[in-house]
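Undergrad: Have a look at this fold, sequence not included:
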């Protein structure tokens, strides 16, 4: 390996080390004292519950781990959005597990908590994946109730999705393992089956204090809405467990007895290891942003011998081709960061979408839809080409064609940001707004409307012009300081963790685990026989 490979590898491994450190902080939830307090109350923590429930010899992929990162600091923060969500196997069946983390503000729902739960439900809807709720929550975080209560994508949408999933035959199982109050009481009871843990689980529309205040009745919470009440008297819950472990064992038993469902029929053959070791990908991503051949990344991800290029010598700034990932047939659309010449001998910049590459990508996406082949987008894009030559060549028309084709694609789409994700290039390459089944980012990813240096220049010109209009002329030193503050702010907002905290991406992942994530997602997508994504704004027929 050459020197630049080693430097690239070292730089990316440092970013992976940072990723692992951040993950460790998130896993500590509300802190050691609160974790121990939960154990002292006879309860498992959210992560202990998940670990007990899921199959140990199969992938367990956490999504939204950094939700809420750097947000809500005035309230003490909200690590992980106060909920742990994993894609995992339970008794050999792919499931989504949603576990409230009661060590974070008693499991209260912040706005980001609602968004994270809705994302999990959308994945379940898209892929017909069973969903398991491990409920332990004090309900809506009241200081921010106006940001989570009444709108279309707020708290009430959760229960609406419960009803829709039941109507579509998507299994939902809930375990009431702690507090379950007011509106939050509907989630487990709108599930198909519910389990309640004796002594720690409780569910009611109003707790004992509110009952006393409202109607003057003296009653304790256990008698009001505990396990015996709802299992023996009201019939609200279906099963009663003595402790967390028994409740989780019951869930395993219920999942174990589920029938099988029709498949979408995506093609899968025996998995073959990539031509290059997966870990070699670390050395192929330049730490300094220099151009490189993106085929090196593809060779680390796809099964050896499976790559078949489409229009290889045309529209070279986008690579398109058929391949297999862990045996699954896929179509790959990848930005090529390598400098190249078109048929006219004109130099084209890597990572930029030109008219010919947009046309090529649109045609390829249409072909994959015709042949029922899922799509994988590898984003490292700086945007569409600008200037008179591109405008005269119809870049807007060709770009619109690509966006249109991607937007109307019905096969499952998966997106991995392996580098830059700037401007309209994010859209054309199946960004979050275009409904990828999974939206993943490597720790070196950058998301923004344009690159940091360009944005800083534009914003600096605007700010300097504004100040000049008000009669203030900035000195050279002040201009330099202003430029630096703009660049710092912009760089912070381009971070993959900034995107992950707001759930613009589902997860920031180790590049070496990209195959594992995509393979899991492809298997999950194959469980939806209708193939197309569930559209929540349209009545399904």
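TA: Perfect, I can see it now. Remember, predicted model here, so these are calculated numbers, not experimental data. Residues are numbered from 1 along each chain as shown.
Undergrad: in the chain, which helix or strand is least confident?
TA: Ranked by mean pLDDT, DSSP states H and E, the weakest helix or strand in the chain is helix 452-469, scoring a mean of 75.
Undergrad: helices or strands next to that helix in the packing?
TA: On a contact count with 3 or more C-beta pairs under 8 Å, 6 or more residues apart in numbering; DSSP states H and E, helix 452-469 meets helix 476-494. All C-beta atoms are positioned from the backbone trio N, CA, C, and that covers glycine.
Undergrad: So in this structure, which helix runs the longest?
TA: Scanning the chain for the helix with the most residues, using DSSP state H, yields helix 3-27.
Undergrad: ok, and what's touching that helix?
TA: Residues outside helix 3-27 that contact it (C-beta atoms under 8 Å, 6 or more residues apart in numbering): 1, 47, 65-66, 69, 79-80, 282-287, 443-444, 497, 508, 510-511.
Undergrad: Which helix or which strand is home to the residue of the chain most remote from its centre?
TA: In the chain, the greatest distance from the average C-alpha position (C-alpha atoms, centre = their mean) is reached by residue 471, at 47.0 Å. Residue 471 is part of no helix or strand when elements are defined by DSSP states H and E.
Undergrad: What are the buried residues along the longest helix of the chain?
TA: 8, 9, 11, 12, 15, 16, 19, 22, 26, 27 (16 or more other C-beta atoms under 10 Å).
Undergrad: Residue 54 versus the first one, what's the distance?
TA: Read that as residue 8. Distance of residue 8 to residue 54, given as C-beta to C-beta, to the nearest Å: 35 Å.
Undergrad: number of nearby residues for residue 362?
TA: By the criterion of other C-beta atoms under 10 Å, residue 362 has 21 neighbours.
Undergrad: Do you know the pLDDT at the residue farthest from the centre of the chain?
TA: pLDDT, residue 471: 78.
Undergrad: that older thread, relative to the whole chain's centre, how far out is the longest helix of the chain?
TA: From the chain centre to the centre of helix 3-27 is a distance of 20 Å (C-alpha atoms, centre = their mean, to the nearest Å).
Undergrad: model confidence over the helix or strand following it, on average?
TA: Where DSSP H and E defines the elements, the next helix or strand beyond helix 3-27 is helix 32-40. In this model, helix 32-40 carries a mean pLDDT of 96.
Undergrad: and helix 32-40, what other elements does it pack with?
TA: Packed against helix 32-40 by the contact rule (3+ C-beta pairs under 8 Å, 6+ apart) you find no helix or strand.
Undergrad: following it, which helix or strand comes up?
TA: Next in sequence after helix 32-40, counting helices and strands by DSSP H and E, comes helix 46-53.
Undergrad: between that next one and helix 32-40, how big is the angle?
TA: Per axes from the mean of the first three to the mean of the last three C-alpha atoms, to 10 degrees, the angle that helix 46-53 makes with helix 32-40 is 50 degrees.
Undergrad: returning to that earlier point: next, the residue farthest from the centre of the chain: phi, psi?
TA: The phi and psi values for residue 471, taken as degrees, to the nearest 10, are phi 90, psi 10.
Undergrad: Give the helix, strand or coil label for residue 87.
TA: Using DSSP: H, G, I helix; E, B strand; the rest coil, the structure places residue 87 in strand.
Undergrad: likewise residue 450?
TA: Judged by three-state DSSP, the three-state class of residue 450 is coil.
Undergrad: could you give the mean pLDDT of the longest helix of the chain?
TA: For helix 3-27, the mean pLDDT works out to 95.
Undergrad: do stretch 177-194 as well
TA: Stretch 177-194 comes out with an average pLDDT of 87.
Undergrad: repeat for stretch 432-450
TA: 94.
Undergrad: ok, now stretch 273-291?
TA: Stretch 273-291 comes out with an average pLDDT of 92.
Undergrad: Now do the buried residues in that stretch.
TA: Applying 16+ other C-beta under 10 Å to stretch 273-291 flags 274, 275, 276, 278, 280, 281, 282, 283, 284, 285, 286, 287 as buried.
Undergrad: One more: stretch 144-156?
TA: In stretch 144-156, counting by 16+ other C-beta under 10 Å, buried: 144, 148, 149, 154, 155, 156.
Undergrad: Over to stretch 424-444?
TA: Going by neighbour count (16+ other C-beta under 10 Å), the buried part of stretch 424-444 is 424-432, 434-444.
Undergrad: and the end-to-end length of it?
TA: End-to-end distance for stretch 424-444, by C-alpha to C-alpha, to the nearest Å: 20 Å.
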